[in-house]
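Undergrad: below are the sequence and a predicted model for it; my questions follow.
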Amino acid sequence: VSLTETLSEIVGKSQLFEGDAIDDRYRWDFMLRFQSNPRHVVRPANTEEVSRLVKAAKASGTPITAMGGGTGSTGGLVVDNAIIMSLERLNRIHEIDPKSMTMTVDAGVTVQAAQEAAEAQGLLFALDLGARGSATVGGAVSTNAGGSRVLRWGMMRDMVLGLEAVLADGTIVSAMTKVLKDNAGYDWKQLLIGTEGTLGIVTKVVIRLRPLPISAQTALIAVPDLDAAISILRSLEGELAGRVSSFELMWGDFYDYVAGFQAQRRPQPMQGGYPLYCLVEALGGHPEADQEAFEAALSGKIEEGTILDAVIAQSERERQALWLVRDDLIEAFNELGKWLAFDISMPHADMASFIDEARANIAAVYPDARAMFYGHIGDGNLHLVTAGPADDADAHHNLDVAVYSAVRRVSGSISGEHGIGLQKREFMSWTRSEAEIQLMKTIKRALDPDNILNPGKVFELN
Ligand code: LAC
Ligand code: ZN
């Protein structure tokens, strides 16, 4: 029997697509840097089918790549003549357990659907990112997604209590536990999280929930420099006793560009021209007292001069408008032509010198390139978007080298959150030691000796 027949037998004819029947969204590379060429697209209905599909892939020696919402930006879904297994039909929210503060969901549930279901029970699924409407929980687990609240609640790996996954030989391995503390031997869940589908395919997750905050204080503040931003962050974290949930920084050129672009549609929340802008949000349980403490903390800094200007949201509508400056970016970026995104991280102490060096390196290769920094500054995680003037593989490589050589000097990471995928593979040795990379390969070979699961991502095995 052909692989086509086997796949069709497992998922049913209507859930197998080949050739021209493959929709463009399954050939998708979010950053349009690579060409993806799946031979088969399958859409299993449950974990059993996922397991049988992996076994069939293995038996025929065909690589298989699991797909969530397709919002990854490092080419992690780009394949050549492989099976794309979309988990979109694994979309059930199985349970919310308010007593244990957990929710149990299939991998294909979107982050937003999970957030909303938790919220309806008065609970918080703390992961949040701009792609919430499409990104799935399974994708967030397999990439260890970060986003805008890591500062307070950690990354996806900090929210996973239980996991079910399918290994490269089709074994279903399940620990759908709700316990927070489990030191019974190796934590294999953490071994799979963040491995971009190369060690196992996540099918179900028990997520740790938090009490739903009932008060939000959100402000856009302008500051004179990076040191001021970091000192404001540190003092707010102390003064607001752990309630600071997001601290997003936008450099002046980024803000002027994005807010300027958005001004076609809505008023700019604050005038342009300041050196740096921070979007800061605290979440809590005492609306009036929280707002008072927040405003008091900010006004102290306005008096000192560490805050140059501030807009404090007075309603949920104003809060959302402030967030749009930070989250509604793609159209503004697309206006730049082809753009590249970076997600580097480093200690706060090295950030200012890193930025100077990265800017100088970029200007040295492309004096006319745009390079705008922003990011999750509370986590030491910077984003950088570059655009023009050149746009081909060589230009992309030159820009990568310009940025990652500066990352290397400060012993930072070439990926704070988006992962390695295909895109950053060649720079792994700039951010990880040879011994670390060998350890990763040893683990990969042990769990996936035939190199079936999303091969070629993170590193080339041979
Ligand atoms: C962000 C995505 C790109 O933070 O990680 O905007
Ligand atoms: Zn980010």
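TA: Alright, I've got the coordinates. Numbering: from 1, shown residues only. Ligands and ions are numbered 1, 2, ... in the order given.

Undergrad: now the residue of the chain found nearest ligand 1, nearest residue through space, not along the chain?
TA: Nearest to ligand 1, among the residues of the chain, is residue 130, at 5.1 Å (CB to the nearest ligand atom). (C-beta placed from N, C-alpha, C; glycine too.) With CB to CB, 6 or more residues apart in numbering as the criterion, residue 130 has its nearest non-adjacent residue at 4.3 Å, and that residue is residue 327.

Undergrad: please apply the same query to residue 214.
TA: residue 285 (5.8 Å).

Undergrad: what sits against the one you found?
TA: Taking CB atoms under 8 Å, 6 or more residues apart in numbering as the criterion, residue 285 is in contact with 211, 213-215.

Undergrad: need the residues you listed in a markdown table (columns: neighbour count, pLDDT and distance to ligand 1).
TA: Listed next are the contacts of residue 285 as a markdown table, based on neighbours: other CB atoms under 10 Å; pLDDT from 0 to 100; distance: CB to the nearest ligand atom, whole Å:
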| residue | neighbour count | pLDDT | distance to ligand 1 |
| --- | --- | --- | --- |
| 211 | 11 | 97 | 25 |
| 213 | 18 | 98 | 21 |
| 214 | 12 | 96 | 26 |
| 215 | 16 | 97 | 24 |
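
Undergrad: ok, how many other residues are close to the closest residue to residue 431 other than its chain neighbours?
TA: Taking CB to CB, 6+ apart, and ignoring the residues beside it in sequence, residue 431 has residue 414 as its nearest neighbour in space, at 4.4 Å. The number of residues packed around residue 414, counting by other CB atoms under 10 Å, is 22.

Undergrad: let's have the chain start at 54 instead
TA: With 54 as the first residue, the last one maps to residue 467.

Undergrad: for residue 368, see how far away residue 467 is.
TA: Summarising the geometry, the distance separating residue 467 from residue 368, computed by CB to CB, to the nearest Å, is 40 Å.

Undergrad: near ligand 1, which residues of this protein are found?
TA: For the chain, the contact set with ligand 1 under CB under 6 Å from any ligand atom comprises 183, 394, 396, 436, 470.

Undergrad: of the residues you listed, grab the buried ones for ChimeraX.
TA: Provided next is the ChimeraX selection string for whichever of these are buried by 16 or more other CB atoms under 10 Å:
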select :183,394,396,436,470
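
Undergrad: check the residues of the chain next to ligand 1 and tell me the two furthest apart.
TA: For those, the farthest-apart pair by CB to CB is 183 and 396; their separation is 12.6 Å.

Undergrad: circling back to that earlier point, what pLDDT does the residue nearest to residue 267 get?
TA: The predicted structure scores residue 338 at 96 on the pLDDT scale.

Undergrad: got it, and residue 320?
TA: On pLDDT, residue 320 comes in at 92.

Undergrad: now residue 87
TA: In this model, residue 87 carries a pLDDT of 86.

Undergrad: check residue 84 too.
TA: Confidence at residue 84, expressed as pLDDT, is 80.

Undergrad: contact partners for it?
TA: Taking CB under 8 Å, 6+ apart as the test, what residue 84 contacts is 126-128, 393-394, 476.

Undergrad: show me the contacts for the closest residue in space to residue 191 that isn't next to it in sequence.
TA: By the measure of CB to CB, 6+ apart, the closest residue to residue 191 outside its immediate chain neighbours is residue 160, 2.6 Å from it. If a contact means CB under 8 Å, 6+ apart, then residue 160 has 119, 121, 140, 143, 189-192, 194, 254-258 as its contacts.

Undergrad: tell me which entries of those residues lie within helices.
TA: In helices, defined here by DSSP state H, the members of the contacts of residue 160 are 190-192, 194.

Undergrad: ok, these vs residue 87, which is closest?
TA: Among these, residue 192 lies closest to residue 87 (CB to CB), at 17.7 Å.

Undergrad: distance check, the closest residue to the closest one other than its chain neighbours against residue 177.
TA: Computed as CB to CB, 6+ apart, the closest residue to residue 192 that is not its neighbour in sequence is residue 121, at 2.8 Å. When CB to CB is the yardstick, residue 121 and residue 177 sit 21 Å from each other.

Undergrad: higher neighbour count, the two?
TA: Looking at residue 121 and residue 177 with other CB under 10 Å, you find the greater number of neighbours at residue 121, namely 29 against 19.
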